[in-house]
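Asks: 3D model of this:
(one chain, ligands or ions: 2)
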Amino acid sequence: MTTDKEQLTSGQRAAPADVLIRLEGVHKQFGKHVVFKDLTVSFRRGETAVVLGASGVGKSVMLKLILGLLKPDRGHIFIDHTDVTTLRERELIPLRTRFGMLFQGAALFDFLTVYENVAFALHEHKRLAEDEIRRIVARKLALVDMQGTENLLPEELSGGMRKRVGLARAIAIDPEVILYDEPTMGLDPVTADTINELILRCRRELKTTSIVVTHDMQSAYKVGDRLIMLYDGGVIADGTPDQIRRHGDIRVQRFIHGDAGLTAAPMG
Ligand SMILES: Nc1ncnc2c1ncn2[C@@H]1O[C@H](COP(=O)(O)OP(=O)(O)OP(=O)(O)O)[C@@H](O)[C@H]1O
Ligand SMILES: [Mg+2]
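Replies: Ligands and ions are numbered 1, 2, ... in the order given. Take a look at the predicted model:
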């Protein structure tokens, strides 16, 4: 569909036009511990994809691979048509500015105010007057219902407020893609739902592509256009929320119902 695909240079490869991010045959291990073996998964432009899977399955590692913070041992990671595994650190910087990341646990800089946290990437990547930065920060804080909190320190915020500020920071530079790592973890159900609403709002108002890593099924069903479940180094389920709900694999059913399967027959 796009003409730029006709001029592929080395390290680039054609993919369906709506695919923005593609992991292909990715293998990653730490020492002897294999996290991914031949992981292949695509994320489409404009969708909110939810990545599910048990603790330790590699969800955060997958996000770090996409950002180029970790390198796969084998395989390719394409963003648009560029294989990011071939890029040098310096070449990854412009790519990262297309991403906003809400880290697991919000990970605000504790010694910086809310304003300084949200403005961080604006100071790093954009040459803007401080007045303009103030306006952008105020707008992003309003989007997450945290207006007027610029001078507070992270320690003065509740868990839910920290997540909101983390989200304001993630969207500060108007990223094309937002990566959410466990956005509702550690929050009470009502506060968690306000975060779900904000994820939906960001999608609606900023038109971003999103990848949401979670093991909160309520959140997954609410925000996801597509649910992808990781298991034992690869993808075992990939479909709409309805398809996942009705999935025939017992491992998927156990996960979505929070059943450890300890009373059931051992898995074959
Ligand atoms: N830098 C690292 N060095 C060594 N091992 C690592 C590193 N990063 C991750 N791992 C290991 O890789 C595996 C996957 O970790 P990851 O953090 O991606 O899990 P996760 O699916 O995000 O789990 P959780 O739901 O608990 O956040 C774990 O066994 C972890 O110990
Ligand atoms: Mg994690």
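
Asks: of all of the chain, which residue lies closest to ligand 2?
Replies: Closest residue of the chain to ligand 2, C-beta to the ion: S60 (3.2 Å). The C-beta positions use only the backbone N, C-alpha and C, and glycine is treated the same way.

Asks: which residues sit against the helix or strand hosting I133?
Replies: If you go by DSSP states H and E, I133 is part of helix 130-143. With C-beta atoms under 8 Å, 6 or more residues apart in numbering as the contact definition, helix 130-143 has outside contacts at 114-115, 118-119, 122-123, 126, 128, 147-150, 165, 168-169, 171-172, 198, 201-202, 205.

Asks: at 6 Å instead, please
Replies: 115, 118-119, 122, 147, 168, 171-172 (C-beta atoms under 6 Å, 6 or more residues apart in numbering).

Asks: Likewise for stretch 165-182?
Replies: Residues contacting stretch 165-182 (C-beta under 6 Å, 6+ apart): 60, 63, 98-104, 106, 114, 117-118, 121-122, 125, 140-141, 144, 208-214.

Asks: Return the residues of the stretch 51-200 of the chain in contact with ligand 2.
Replies: 59-60 (C-beta under 5 Å from the ion).

Asks: Okay, strands next: where are they in the stretch 51-200 of the chain?
Replies: 74-79, 82-83, 99-102, 177-181 (DSSP state E, counting those that start in this stretch).

Asks: could these go into JSON lines alongside mean pLDDT, distance to ligand 1 and mean neighbour count?
Replies: JSON lines is the format used below for the strands of the stretch 51-200 of the chain (pLDDT from 0 to 100; distance: least, C-beta to the nearest ligand atom, whole Å; neighbours: other C-beta atoms under 10 Å):
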{"stretch": "strand 74-79", "mean pLDDT": "96", "distance to ligand 1": "15", "mean neighbour count": "19"}
{"stretch": "strand 82-83", "mean pLDDT": "92", "distance to ligand 1": "22", "mean neighbour count": "17"}
{"stretch": "strand 99-102", "mean pLDDT": "90", "distance to ligand 1": "13", "mean neighbour count": "25"}
{"stretch": "strand 177-181", "mean pLDDT": "94", "distance to ligand 1": "7", "mean neighbour count": "24"}
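
Asks: export the ones you listed to a markdown table and tack on distance to T191?
Replies: Converted to a markdown table, these look like this (distance: least, C-beta to C-beta, whole Å):
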| stretch | distance to T191 |
| --- | --- |
| strand 74-79 | 33 |
| strand 82-83 | 38 |
| strand 99-102 | 15 |
| strand 177-181 | 15 |
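
Asks: All set now, cheers.
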